[in-house]
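Colleague: my questions are about this predicted structure, shown below with the sequence.
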Amino acid sequence: MKLLFNWLKEFVAVTASPQDVRSRLSLAGIAIESVEDSPVGPILDADLTTNRGDCMSHYGIAREISALYRLPLKSLAPKLKESSAPSSGATLVEIECPDLCGRYAARVF
C-alpha cells in the first residue's frame, strides 16, 4: 500500500524523517518495504497483512505513528451539510431477488 508521508503528517505532527518513521513502523510490525521520492513528497510502501484492517488507510498508519512517537492524533471531523432536497432522487435501489435480500437500507451523505 502506498502512503504519502505528507498526508500522514496532516493527522499526526511527526517531525521525524520518513526513513526514521519507516524504521520504527517496521520494528512495530508494519513492514515498510521502501521510501520513494516523488513530486508530491516521500511515499512509504507498506506491506500489510489482511489481519491489520485497522492500518489499511492513511489514518490507520497515522494512528500507529501517533502511538510510536507518543504524539496526539488529530481526529476526523467531517463537516456535513444538511440539505432540504429529498434523498429519494439521489439514488435508486431495486431488489432483484427478494428471496435472497429481504431488506436493503441506504443512507445518502
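Modeller: Looks like it arrived, so ask away. Numbering: from 1, shown residues only.
Colleague: and the strands in the protein?
Modeller: 2-4, 31-36, 43-47 (DSSP state E).
Colleague: right, and those - which one's nearest residue 64?
Modeller: strand 43-47 (10.0 Å; C-beta to C-beta). No exception for glycine: its C-beta is placed from N, CA and C like everyone else's.
Colleague: as a markdown table, the strands of the chain with distance to residue 92, mean neighbour count and mean pLDDT would be great.
Modeller: Converted to a markdown table, the strands of the chain look like this (distance: least, C-beta to C-beta, whole Å; neighbours: other C-beta atoms under 10 Å; pLDDT from 0 to 100):
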| stretch | distance to residue 92 | mean neighbour count | mean pLDDT |
| --- | --- | --- | --- |
| strand 2-4 | 35 | 16 | 93 |
| strand 31-36 | 43 | 14 | 92 |
| strand 43-47 | 38 | 17 | 93 |
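Colleague: may I see those arranged in CSV, with distance to residue 57 as well?
Modeller: Shown next, in CSV, are the strands of the chain (distance: least, C-beta to C-beta, whole Å):
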stretch, distance to residue 57
strand 2-4, 9
strand 31-36, 15
strand 43-47, 11
